[in-house]
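1. Only the shape, not the letters, is given here:
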């Protein structure tokens, strides 16, 4: 969570991975698919994006399979397979294996033909968007990943939720520098930020949320119960809210509509997250050496990123950062120190292990 | 200008186009290239984006050619020509013909191979990003257009300008509905909004600009003289300013670095806009029928856009709008009523006509 110290109760990366695989296997997921989910969730936790890591394992994945909402053993259907395009129907399976499968198709096609896009429909929550974009990096490609999601956000001057937090991620390799990894929701904040504010008894910040009538509210409970999130840029058009809304709508179209999946009010019905197969993804891969020598390009990207990082910061701030660098630093640190997991999340994982008859995830304490 | 009534002093679309061609021809631009510039500028004025229309003709294009900053007759060099990629060195010519040339390459390649990207380096200001993205529409393609620009924007928690207003435009066709045309700067507002505030003696809005030390300011004069623009999402990270900054940096990389053009402090030197050839563009085209039947897709896009438009607005607002619809309505109206041109801009055009020995642009008054 942004601004919160990492939990001192840690798990080893390998143990966490193994635990996720065991939990998903226990509800019928294949070992290969479970491994994909574990890869994505552990990566999120290592990068410090705790909201999208193992914290979601039980409620978003295990329970939805137990409840018959998501298929443990989906049948994939290829809808289109051309030199530069691929389209998958993921059979209402878990989003992570479907995303990995489609992104790898895009990368293979990009390696052969310069660039490629892939869509996935009839899928589910796929974790952090960055994971898929970053798969392109080791293939000397630029990666793109986006997904639609449960409708939580109003359009500009709207009172009804019409789009999700709809993240966009782009990953670009750099030489001798962390890759550039942008991973941003197109809403101002995600729902988790409202929960944190409520828990701490704090007012929301302007630009985050609206009440039932679509007008801005600073009360977290109102926002969470009868209200909605605002697009990036905030209420109305003065702060550029129409741009965040425009990006969110773009993600809805490229994911939901282009994939032939669900969109509009059909996707909106998914508000409680209990209808499977309503999520769609969009992936892209772009081979760098089709345009420039890879090494030259990667060196220039590093120089460009250093231009930002070496520019003067505002007084009191240590330095300007570039997208992906804090997450790289977190990964290095948590690989060394262990993956921090919130005490409440530990409780949930223990209860889940008991329910599924699994050995618990091993923990240790630092600091 | 947002929130200002259109000028009652109008020009016929055809007269405006002809005047722009005559002005550029007078300083040595070929008739074909001048026609491209006129197409882009007239389109901007018709869409109501006056800041990017004929208002820029003299200072941004004619005078820069007269001053030897921009080449009237550039030599284009193809740097890369592959099935799905094209890279152009625009020879420090005008941005509009270079943009049209490269975007048409991307569209041709996409028609043949499903999708394609094109870069342009050593170019100049190309007007509205949307013009190029929209070229894809009549070819049943999704179009993408972005450009870097004079550095006016600080990074998050930065005090130095490291990126431009760096617009991103995506155009998607819809059946029986205005196409979806997102065209957004990745800064909160453009420099023009600061000028309007100063002229009207109004304070800036939060999230627009900073002073010399990188801290937020509401004073337009401070912002314009020693300060800078803020990224979309405003100051710091609470409103998502790091996302706007992240998108702006992405545009810098895809345009400046991937094209092999200028970036970092090299591009930053262009602050007074008097160094030619520092601008780079990035274009893409994506053939829809490679993934879905075009008519089905366009009907579904229209349904999705109607979902937004028919959703409940906040009290006092007539309806939710989608990107591109107000611009389509403006175009229809100004085609009928004449293109509005600001009185101050008329003065400048008259003075330019006199300087170049041209017949003045004909005007008429409405309302």
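-> Thanks, I have it. Just so it is clear, the model here is predicted, and its values are computed rather than measured.

2. just the helices in chain A please.
-> In chain A, the segments counted as helices under DSSP state H are A:13-26, A:31-46, A:63-66, A:95-113, A:129-135, A:191-199, A:220-225, A:241-252, A:264-268, A:294-309, A:325-337, A:343-356.

3. The fifth one close to chain B?
-> Think helix A:129-135. No: Helix A:129-135 is not in contact with chain B by CB under 8 Å from any CB of the partner chain; minimum separation 11.5 Å. For glycine as for every other residue, the C-beta is placed from the backbone atoms N, C-alpha and C.

4. Return the member of the helices of chain A having the minimum mean pLDDT.
-> Across these, the stretch with the lowest average pLDDT is helix A:264-268; it has a mean of 73.

5. What is the burial count for the residue nearest to residue A:277 when sequence neighbours are not counted?
-> Using CB to CB, 6 or more residues apart in numbering or on different chains and skipping the chain neighbours, the partner closest in space to residue A:277 is residue A:92 (3.5 Å). By the measure other CB atoms under 10 Å in any protein chain shown, the count of residues near residue A:92 is 20.

6. Among the helices of chain A, single out whichever gets nearest to residue B:114.
-> Among the helices of chain A, helix A:95-113 comes nearest to residue B:114, with 8.2 Å by CB to CB.

7. Report the buried residues of that closest one.
-> Residues of helix A:95-113 classed as buried by neighbour count (16 or more other CB atoms under 10 Å in any protein chain shown): A:95-107, A:109-111, A:113.

8. go on, stretch A:81-93?
-> Residues of stretch A:81-93 classed as buried: A:82, A:83, A:84, A:85, A:86, A:87, A:88, A:89, A:90, A:91, A:92, A:93 (neighbour count, 16+ other CB under 10 Å).

9. So which of those are in strands?
-> Among these, the members falling in strands are A:82, A:85, A:86, A:87, A:88, A:89 (criterion: DSSP state E).

10. What's the per-residue pLDDT of the fifth one here?
-> I take that to be residue A:88. At residue A:88, pLDDT is 98.

11. for the second one, same thing?
-> According to the model's per-residue confidence, residue A:85 sits at a pLDDT of 96.

12. Looking at strand pairing, list the partners for it.
-> Counting by DSSP bridges, residue A:85 forms beta bridges with residue A:82, residue A:117.

13. Test my guess that it contacts residue B:290.
-> Yes: with contacts counted by CB atoms under 8 Å, residue A:85 reaches residue B:290, the gap being 4.5 Å.

14. what's the overlap in contacts for these two?
-> B:114, B:115 (CB atoms under 8 Å, 6 or more residues apart in numbering or on different chains).

15. Quick one: neighbours of residue A:35, just the number.
-> With other CB under 10 Å as criterion, residue A:35 counts 20.

16. same deal with residue A:359?
-> If you count neighbours by other CB under 10 Å, residue A:359 ends up with 9.

17. And for residue A:200?
-> Neighbour count for residue A:200, taken as other CB under 10 Å: 9.

18. same question, residue A:355
-> By other CB under 10 Å, the residues close to residue A:355 number 14.

19. how close does it get to residue A:41?
-> As judged by CB to CB, to the nearest Å, residue A:355 and residue A:41 stand 19 Å apart.

20. now residue A:86
-> In terms of CB to CB, residue A:86 sits 25 Å off from residue A:41.

21. Next: residue A:264.
-> Taking CB to CB, one finds residue A:264 at 30 Å from residue A:41.

22. Excluding covalently adjacent residues, which one is nearest to residue A:299?
-> residue A:175 (4.7 Å).

23. wait, doesn't the one you found sit right on residue A:302?
-> Yes: assessed by CB under 8 Å, residue A:175 is found in contact with residue A:302 at 5.2 Å.

24. Counting neighbours around each, name which of those two comes out higher.
-> More neighbours surround residue A:302 than the other of residue A:175 and residue A:302, with 19 against 15 (other CB under 10 Å).

25. So that one is in contact with residue A:176, correct?
-> Yes: if you go by CB under 8 Å, residue A:302 and residue A:176 touch, sitting 5.6 Å apart.

26. what does the stretch 251-367 of chain A have sitting close to chain B?
-> So far as CB under 8 Å from any CB goes, the stretch 251-367 of chain A lies against chain B at A:252-253, A:256-260, A:263-265, A:268, A:286, A:288, A:290-292, A:296-297, A:300-301, A:303-308, A:311-315, A:317, A:320-323.

27. Restricted to buried residues, select those in PyMOL.
-> Applying 16+ other CB under 10 Å to those, the buried members can be selected in PyMOL as follows:
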select buried, chain A and resi 252+253+256+257+258+259+260+263+264+268+286+288+290+291+292+297+300+301+303+304+305+307+308+311+313+314+320+321+322+323
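
28. what sits against residue A:124?
-> A:64, A:70, A:90, A:92, A:93, A:94, A:95, A:276, A:277, A:278, A:279.

29. pLDDT score for the fifth one?
-> The one in question is residue A:93. Here the pLDDT value assigned to residue A:93 is 97.

30. count of neighbours near the closest residue to it other than its chain neighbours?
-> Leaving aside its chain neighbours, residue A:93 sits nearest to residue A:74 (2.9 Å; criterion: CB to CB, 6+ apart). Using other CB under 10 Å, residue A:74 has 23 neighbouring residues.

31. same thing with residue A:223?
-> As a burial measure, residue A:223 scores 25 neighbours (other CB under 10 Å).

32. Touching, it and residue A:212? I think so.
-> No: using CB under 8 Å, residue A:223 is not in contact with residue A:212; the gap is 9.8 Å.

33. okay, the helices of chain A in JSON lines with distance to residue B:7 next?
-> What follows is those, written out as JSON lines (distance: least, CB to CB, whole Å):
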{"stretch": "helix A:13-26", "distance to residue B:7": "62"}
{"stretch": "helix A:31-46", "distance to residue B:7": "53"}
{"stretch": "helix A:63-66", "distance to residue B:7": "57"}
{"stretch": "helix A:95-113", "distance to residue B:7": "48"}
{"stretch": "helix A:129-135", "distance to residue B:7": "44"}
{"stretch": "helix A:191-199", "distance to residue B:7": "44"}
{"stretch": "helix A:220-225", "distance to residue B:7": "42"}
{"stretch": "helix A:241-252", "distance to residue B:7": "24"}
{"stretch": "helix A:264-268", "distance to residue B:7": "39"}
{"stretch": "helix A:294-309", "distance to residue B:7": "40"}
{"stretch": "helix A:325-337", "distance to residue B:7": "47"}
{"stretch": "helix A:343-356", "distance to residue B:7": "60"}
